[in-house]
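K.L.:
need a structure here:
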Amino acid sequence: MPIFVDRDGEFHHDHGQHFALTCACCGVFSHMTPIAVPNYGELMRHKPPETGLVFRCDNCNAPVFLRFPVKAYTEEQVELSSNFSEVERPKESFDFTYLPEELELLFREALECYSMNALNAFASMCRRAIQFVFKDLGETGKIRIFEQCNEIRTLAEVEGTTFNTVRRVLFDTDAAREGMPLVSAIDAGVLMEFMRDILYESYVRKGRLQQAMMMRRYVAEQSDEAGDDRSETPRRNGSSG
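P.N.:
Residues are numbered from 1 along each chain as shown. Here you go, the predicted model:
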């Protein structure tokens, strides 16, 4: 069933009442109810190549704005493409606790770009962030991350063209001269997961392990000290007699 606006101004979606998205406001995957649909007569009069609709998130009641390309204008309906874009994306979260301050700044800005659907700006910020990582971890770290990316490609079965775009963004030394590749929504989504995995393995996992080891060591030392104190108590009591 196509997605369309009919002559009565009603919005019809192929998922019907089950149309759901992750809300940019509350971050919950929720059903979306259309509350502002473009006027059929105005659409037929101006025939824009794309149009916008406003939905209500059934979880938090916040407005959600979507942009739909128009596939066809007919006498009965305006057919819309299923390849809609979110005007405002849900904000991405990440544990920045263990990242160096400069890297945290760069990746936070990358996430902001992604949330605003500025996908090529997002790719550029990922490039800056990964360059910091390579400088911070050295050549050995860079080689390890390259191997990690190949492993991610295999595990996630990333399509070759998309992986090549991600590889060029992260590793291509000629990017400064030839320019960054343009990224699609699919490319950006895959790049996001690569970056999250790289930063987690390089910094977050290491930081958490080190913190856990320090806590284990501290607890063990405290237990040893308590045991020593208990063993000395009878001796002190005996000497006092």
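K.L.:
If we ignore the residues flanking it in sequence, what's nearest the most centrally placed residue in the chain?
P.N.:
For the chain, the residue lying nearest the average C-alpha position, counting by C-alpha atoms, centre = their mean, turns out to be E92 (4.6 Å). Excluding the flanking residues, the one nearest E92 by C-beta to C-beta, 6 or more residues apart in numbering is L111, at 4.6 Å. No exception for glycine: its C-beta is placed from N, CA and C like everyone else's.
K.L.:
Distance of the residue nearest to the centre of the chain relative to E112?
P.N.:
As judged by C-beta to C-beta, to the nearest Å, E92 and E112 stand 9 Å apart.
K.L.:
coming back round to it: residue contacts, the residue nearest to the centre of the chain?
P.N.:
Contacts for E92 (C-beta atoms under 8 Å, 6 or more residues apart in numbering) come out as L111, Y114, S115, M192.
K.L.:
which of the residues in the longest helix along the chain are buried?
P.N.:
Longest among the helix segments of the chain by residue count, using DSSP state H, is helix 119-156. Applying a neighbour-count criterion of 16 or more other C-beta atoms under 10 Å, the buried positions in helix 119-156 are 119-127, 129-130, 132-134, 142, 145, 149, 152-153.
K.L.:
which phi and psi does E157 have?
P.N.:
Phi and psi for E157, reported as degrees, to the nearest 10, are phi 50, psi 50.
K.L.:
Actually, H12.
P.N.:
Recorded main-chain torsions at H12 are phi -120, psi 130, according to degrees, to the nearest 10.
K.L.:
Could you give the bridge partners of it?
P.N.:
Taking DSSP bridges, one obtains F4 as the residues bridged to H12.
K.L.:
So it sits against F4, correct?
P.N.:
Yes: using C-beta atoms under 8 Å, H12 makes contact with F4 at a distance of 5.4 Å.
K.L.:
Can you show me the helices along this protein?
P.N.:
Counting by DSSP H, the helices of the chain are 40-46, 101-115, 119-156, 160-171, 175-178, 185-199, 205-240.
K.L.:
Any stretches of this structure with poor pLDDT?
P.N.:
In the predicted model of the chain, residues 1, 16-17, 174-177, 226-241 satisfy pLDDT under 70.
K.L.:
what's the single longest strand in it?
P.N.:
Using DSSP state E to assign secondary structure, the strand with the most residues in the chain is strand 63-73.
K.L.:
now for that strand, which elements pack on it?
P.N.:
For strand 63-73, the packing partners by 3 or more C-beta pairs under 8 Å, 6 or more residues apart in numbering; DSSP states H and E come out as helix 40-46, strand 50-57, strand 77-80, strand 85-86.
K.L.:
Try it again at 10 Å.
P.N.:
Under the contact criterion of 3 or more C-beta pairs under 10 Å, 6 or more residues apart in numbering; DSSP states H and E, strand 63-73 touches strand 3-6, strand 20-22, strand 29-36, helix 40-46, strand 50-57, strand 77-80, strand 85-86.
K.L.:
Now tell me what touches the second one from outside.
P.N.:
The reference is to strand 20-22. If you take C-beta atoms under 10 Å, 6 or more residues apart in numbering as the criterion, strand 20-22 is touched by 28-32, 55, 57-59, 64, 66, 84, 86, 89-90.
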